[in-house]
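> what follows is a predicted structure for the sequence shown.
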Amino acid sequence: MRRTFRFLLVILAIAVSTGAHAAEQLPLFGAQLTYTNPNPQVWHKDEERRESAKGLLALKHVGLSDTGGNTTYPVLVIIYEQLPGPAQSLEDFTRMARQRAFFPTDDIITENDRIIYFCRFTHDTSHDLVIAHFLFEGNGVQVMADAPTTVYGEVEADFKQFIDSIHFQKSSAP
């Protein structure tokens, strides 16, 4: 018993020291999205909404000071929707999503289960934006990670970790 307890304490210490965080689930439509908050000490749930066939989850970073001394708040947003009719291809969903919210892209990465866009836009100040599109069981999912360019380097690793943490599974409930 004592040996087991000591082993569990060592595992817990490793998990805490390596920054491992518990996965969280977001119910979609007939599916579950699992994600990991890259650092719960600085990323806080800002908004969660669900309507009849769509929803969103937003995490906001604690304020960061940019080079001009302004406080900025990078965000991570998951937008999901139940797609009408039979499941479309990932490319079709991406095309549809980009027609609704178009940003000029600097780079595009296409992987088996996602398409990732790296964008830069100006709205009062220059922003770096990473957009990832996923398709699972008739759910179109768009992840948007946005930060002013002046603080992007401070959150870039969190953006990558967050997007890489996203996984899907079918729901057991109808």
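Okay, I see it. Numbering: from 1, shown residues only.

> give the contact list for E91.
Contacts for E91 (C-beta atoms under 8 Å, 6 or more residues apart in numbering) come out as I115. (C-beta placed from N, C-alpha, C; glycine too.)

> look at the closest residue to A31 other than its chain neighbours and report its pLDDT.
Once its chain neighbours are removed from consideration, A31 has its nearest residue in E137; the separation is 4.4 Å (C-beta to C-beta, 6 or more residues apart in numbering). pLDDT, E137: 90.

> dump the residue contacts of E137.
In this structure, E137 makes contact with 28-31, 87, 168, 170, judged by C-beta under 8 Å, 6+ apart.

> and it, backbone torsions?
When read as degrees, to the nearest 10, the backbone of E137 gives phi 50, psi 50.

> so T94: helix, strand or coil?
Reducing the assignment to helix, strand or coil with DSSP: H, G, I helix; E, B strand; the rest coil, the entry for T94 is helix.

> that one and F134 touch, don't they?
No. Using C-beta atoms under 8 Å, T94 makes no contact with F134, being 9.6 Å away.

> which parts of the longest strand anywhere in the chain are buried?
For the chain, the longest strand by residue count, based on DSSP state E, is strand 125-136. Neighbour counts using 16 or more other C-beta atoms under 10 Å place 127-136 of strand 125-136 among the buried residues.

> before we move on, the earlier item: mind putting the contacts of E137 in a markdown table, neighbour count, distance to I79 and pLDDT included?
As requested, these are arranged in a markdown table below (neighbours: other C-beta atoms under 10 Å; distance: C-beta to C-beta, whole Å; pLDDT from 0 to 100):
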| residue | neighbour count | distance to I79 | pLDDT |
| --- | --- | --- | --- |
| L28 | 25 | 11 | 93 |
| F29 | 17 | 13 | 92 |
| G30 | 14 | 17 | 91 |
| A31 | 18 | 15 | 94 |
| A87 | 14 | 18 | 58 |
| F168 | 16 | 15 | 96 |
| K170 | 11 | 21 | 92 |
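
> before I go, just wanted to say thanks for your time.
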